[in-house]
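Peer 1: Quick one: sequence plus predicted model below, questions after.
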Amino acid sequence: MIDISRRAALTAGLGLALVLSHQAAPAQAQQPTPIRFTLDWKYQGIHAWYFVARDRGYFRDEGLDVTIDQGEGSAATVTRIMSGAYDAGFGDVNAVIQQAAQRPDEAPVMVYQLYNRPPFAVLTPKDSGVEDMKDLAGRKVGGPAGSAATRLLPALLARNGVAVPSVEVLNMQPNLQEQMLIRGEVDASLVFNVTSYVNLIQQGQDPDGDFRWLDYADHGLDLYSNGVMVSRDLARDKPEAVKGLVRAINRAVQDVMADPDMGVKALTAVEPLVDAGSEGRRLRFAFDRLMITPETREIGLGDVDDARLERSIDVMAAAYDLPAKPEPSQVFDRSFLPPRDRRLVVGAGN
């Protein structure tokens, strides 16, 4: 026979064991979800929000363990994710369009659009005589053969009534674009404005006073560009993790818009060799020229206009001779976005 006191002790012990077992199960289930995240290039001011999200615990708050690596180009982000090496990254939606047309089951999907305007631009000295796209006729322009800015030039010229054969295109390495332009070896260069802007500063030039920037977006090619994309596996298998990733990044973007210097400090803590002054100017340039637009003020950061995205798909299909035109829903999925009121532009530019 078990006496009453012993029975009570056994019952209490069993109850404690059950409580502990129930507590242990959620603790195991709440292990952070690992996400391997690739940037589009080496550390720059335009990457500040990812480190802010990490340092301020925004990823942790969403149950995520995010590893951030440097990239090898906006298009390479897509192939890195498709290879399985990364789960998510910052890259070009136009590269997503290309892959969605050819390998729709493997192409990543964009979930948070950051660049509302493309960084593609014709850069020319103010004294070159090139004041508009029509002035490119009979001129020599330079650009890397495989870059989007160069590949899209025929479409840009056609939109502006310029005969494509009338413009001589000189193939050049990306790191020589500004140098060859400064030396007068070309009349204009086909650049990524957010990159060339800082390159000119670092070469002792005044990018605002001495150069003219003819943005593709202002001359008929109003495309979207870089944003946050995820693998189809991650989107399908862990949708809550994707929502958490987007919430954390959106929160950090808002922080950096409100205090760009804080964002640059987060970047220099990761890479002390970057020039804080130059990266601060790059960051503000990106806000003004790529991210904060009448459209983002209306629909919020991270979202797209479906009709505009469809037009972008048409442009890419023609420029790259794609075998199919993916639907906008194959390229961009807004179901992971926070509500619009949490994505409104509240910092820089107000």
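Peer 2: Received, thanks.
Peer 1: distance of V109 from Q202?
Peer 2: 35 Å (Cβ to Cβ, to the nearest Å). C-beta here means a position set from N, CA and C on the backbone, and glycine is covered the same way.
Peer 1: So between these two, which is more surrounded?
Peer 2: In this view V109 and Q202 are compared by other Cβ atoms under 10 Å, and V109 has more residues nearby, 22 against 10.
Peer 1: Next one, pLDDT for the residue lying closest to the more buried one once chain neighbours are set aside please.
Peer 2: Nearest residue to V109, sequence neighbours excluded (Cβ to Cβ, 6 or more residues apart in numbering): D333, at 5.0 Å. Looking at D333, its pLDDT reads 98.
Peer 1: Ok, V230 next?
Peer 2: Note on V230: pLDDT of 98.
Peer 1: likewise A85?
Peer 2: Value listed for A85 in the pLDDT field: 98.
Peer 1: How about the contacts made by it?
Peer 2: 36, 38 (Cβ atoms under 8 Å, 6 or more residues apart in numbering).
Peer 1: what does the one 10 residues further on give?
Peer 2: The contact partners of A95, taken as Cβ under 8 Å, 6+ apart, are 74-75, 77-78.
Peer 1: now with 7 Å?
Peer 2: Applying Cβ atoms under 7 Å, 6 or more residues apart in numbering to A95 gives the contacts 74-75, 78.
Peer 1: who wins for neighbours among the residues you listed?
Peer 2: Result: V78 is most packed of the contacts of A95 (other Cβ under 10 Å), 28 neighbours.
Peer 1: in what helix or strand does the residue lying closest to it once chain neighbours are set aside lie?
Peer 2: Leaving aside its sequence neighbours, V78 sits nearest to A95 (Cβ to Cβ, 6+ apart; 4.4 Å). Assigned by DSSP states H and E, A95 belongs to helix 93-102.
Peer 1: now A149
Peer 2: helix 148-151.
Peer 1: what comes into contact with that helix?
Peer 2: Residues contacting helix 148-151 (Cβ under 7 Å, 6+ apart): 92, 94, 120, 143-144, 169, 190-192, 319-320.
Peer 1: what's the average pLDDT for the strand or helix carrying I313?
Peer 2: Taking DSSP H and E as the definition, I313 sits inside helix 306-319. Average pLDDT, helix 306-319: 96.
Peer 1: Restrict it to CA atoms and write it as CSV.
Peer 2: Coordinates of each C-alpha in helix 306-319 appear next as CSV, following Å, rounded to 0.1, in the frame of the first residue of the first chain:
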residue,chain,number,x,y,z
ASP,A,306,1.1,45.1,-61.4
ALA,A,307,0.4,46.9,-64.7
ARG,A,308,3.8,48.6,-64.5
LEU,A,309,5.5,45.3,-63.7
GLU,A,310,3.8,43.7,-66.7
ARG,A,311,5.2,46.4,-68.9
SER,A,312,8.6,45.8,-67.5
ILE,A,313,8.2,42.1,-68.3
ASP,A,314,7.4,43.1,-71.9
VAL,A,315,10.5,45.2,-72.2
MET,A,316,12.7,42.4,-70.8
ALA,A,317,11.2,39.8,-73.0
ALA,A,318,12.0,41.9,-76.1
ALA,A,319,15.4,43.0,-75.0
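Peer 1: the inter-axis angle of it versus helix 93-102?
Peer 2: 70 degrees (axes from the mean of the first three to the mean of the last three Cα atoms, to 10 degrees).
Peer 1: buried sites along helix 306-319?
Peer 2: Buried positions in helix 306-319, judged by neighbour count with 16 or more other Cβ atoms under 10 Å: 309, 312-313, 315-317, 319.
Peer 1: buried stuff in whichever helix or strand comes after it?
Peer 2: Counting by DSSP H and E, the next helix or strand C-terminal to helix 306-319 is helix 328-331. Of the residues in helix 328-331, 328, 330-331 count as buried by neighbour count, 16+ other Cβ under 10 Å.
Peer 1: Identify the residues contacting D255.
Peer 2: So D255 contacts 52, 262 (Cβ under 7 Å, 6+ apart).
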